[in-house]
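3D model of this:
(one chain, ligands or ions: 1)
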Amino acid sequence: MLLTDNEIRQAGVVRSGRDEHYGSTSYDLSIRSIIDSEGKLFVSEGYTVKPQEIVWVTSKERIVLNSDITAHAVIRTSLCNSGLLALNIGIVDPGWNGQLATAIINFSKSEYYLRPGEKFLRLSFYKHSTPTKVNNINKTELEYIQERKKLAIETFGSTFLNVEDLTRRVRESFIGSWKEKTILWGAMGAIIFGFLSIFVAIAAYIIPWNGALYQSNFEDLQERVGILEGMIKKEGMVGTNRETE
Ligand SMILES: Nc1ccn([C@H]2C[C@H](O)[C@@H](COP(=O)(O)OP(=O)(O)OP(=O)(O)O)O2)c(=O)n1
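Below you'll find the model as predicted:
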């Protein structure tokens with residue numbers, strides 16, 4: 001059964017709640033702290049979320065659920081209309097006793113100022129029979145904020161898709177592949193050059209018969225010319241020419 005505003009109040013599930021945050025069948029959580037990607041906490045001054053930036057936001061209210069109540073969290077429509085998306089929405093289990101939080105991404109083209117006290121998650125509460133399995137979880141606000149800080153630092157980048165890290169990795173892999181290619185081609189060039197040197201050395205050793213062949217052809221030619229000259233002289237055909245030169 002979905003609880004109405006009065007039933008939510010009577011159930012005492014929202015601690016430190018404000019009257020103006022109750023809807024007909026819902027309660028809007030307000031911002032206590034904003035945690036940036038370096039784990040820095042902003043409590044009283046608020047925080048300006050840049051486009052694509054991710055921050056964590058924790059609630060001022062403490063939600064205390066008996067074993068017969070489950071809550072459901074969604075992002076407020078007005079924040080959504082401003083281009084802000086909440087990641088950690090969904091079920092708040094029976095037995096939960098603590099603050100709530102969500103990672104928020106600014107998907108809009110402009111900066112968005114998150115103000116302490118601003119409404120961010122809308123909760124609806126459902127009463128049901130007692131389940132067989134209930135996990136009683138009770139966290140102090142300090143413990144809860146410390147956990148979110150750890151998540152902000154270790155799990156998420158500062159921007160959606162962690163563009164900076166993505167760019168760095170693409171650049172590194174590009175430069176890396178060029179380095180690898182250069183090394184590979186250099187090594188291949190050295191191998192080819194090595195083989196060529198060996199080939200030239202072997203060829204120089206094997207090829208001399210070619211030189212001998214040309215040499216014998218030349219000698220043969222010289223001999224033939226000599227014979228021809230002898231014949232011409234004998235015939236007295238060029239004698240006069242030679243004398244006149
Ligand atoms: N915006 C929200 C929504 C829920 N919760 C809390 C209340 C839930 O009951 C609890 C769920 O935490 P779990 O670690 O149990 O969540 P998982 O879904 O990961 O379950 P599990 O690890 O038990 O499988 O987180 C929260 O702090 N902030």
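
residues near residue 85, how many?
Residue 85 has 17 neighbouring residues, counting by other Cβ atoms under 10 Å. (Each C-beta comes from the backbone N, C-alpha and C, glycine too.)

now for the helix or strand in which it is found, which elements pack on it?
Residue 85 belongs to strand 84-86 when assigned by DSSP states H and E. When contacts are defined as 3 or more Cβ pairs under 8 Å, 6 or more residues apart in numbering; DSSP states H and E, strand 84-86 packs onto strand 69-75, strand 101-106.

can you tell me which of those strands is most buried?
strand 101-106 (a mean of 22; mean count of other Cβ atoms under 10 Å).

give me the below-cutoff pLDDT ranges for this protein.
Low-confidence segments of the chain, defined by pLDDT under 70: 161-166, 207-214, 237-245.

got the residues of it near the ligand?
Contact residues, the chain versus the ligand (Cβ under 6 Å from any ligand atom): 73, 88, 89, 90, 92, 93, 96, 100, 101, 102.

pick out the most distant pair among those residues.
93 and 102 (15.8 Å; Cβ to Cβ).

which residue ranges of the chain form strands?
Here the chain has its strands, by DSSP state E, at 14-15, 27-35, 41-42, 47-49, 54-59, 62-64, 69-75, 84-86, 90-92, 96-98, 101-106, 112-114, 119-127, 137-138.

for the third one, which helices and strands make contact with it?
For strand 41-42, the helices and strands in contact under the criterion 3+ Cβ pairs under 8 Å, 6+ apart are strand 27-35.

now do the strand it packs on: everything it contacts.
If you take Cβ atoms under 8 Å, 6 or more residues apart in numbering as the criterion, strand 27-35 is touched by 5, 8, 14, 17-18, 21-22, 41-43, 46-47, 55-61, 73, 76, 99-100, 114-123, 125, 141, 145, 148-149, 152.

longest helix in this protein, please.
helix 163-206 (DSSP state H).

where's residue 195 relative to residue 182, distance?
20 Å (Cβ to Cβ, to the nearest Å).

please identify the deepest-packed of the strands of the chain.
Among the strands of the chain, highest average neighbours (mean count of other Cβ under 10 Å) belong to strand 54-59, with a mean of 25.

could you give the angle of it to strand 101-106?
140 degrees (axes from the mean of the first three to the mean of the last three Cα atoms, to 10 degrees).

so what strands line up beside strand 54-59?
strand 27-35 (antiparallel), strand 101-106 (antiparallel) (DSSP bridges).

how far away from the center of its chain is the shortest one?
So that's strand 101-106. On the basis of Cα atoms, centre = their mean, to the nearest Å, strand 101-106 sits 19 Å off its chain's mean C-alpha point.

so what's residue 91 up against?
By Cβ under 8 Å, 6+ apart, the neighbours of residue 91 are 70, 71, 72, 73.

bridged to the residue lying closest to the first one once chain neighbours are set aside, which residues?
If the residues on either side of it in the chain are set aside, residue 70 comes closest to residue 126, at 5.0 Å by Cβ to Cβ, 6 or more residues apart in numbering. According to DSSP bridges, the partner residues bridging residue 126 are residue 2, residue 70.
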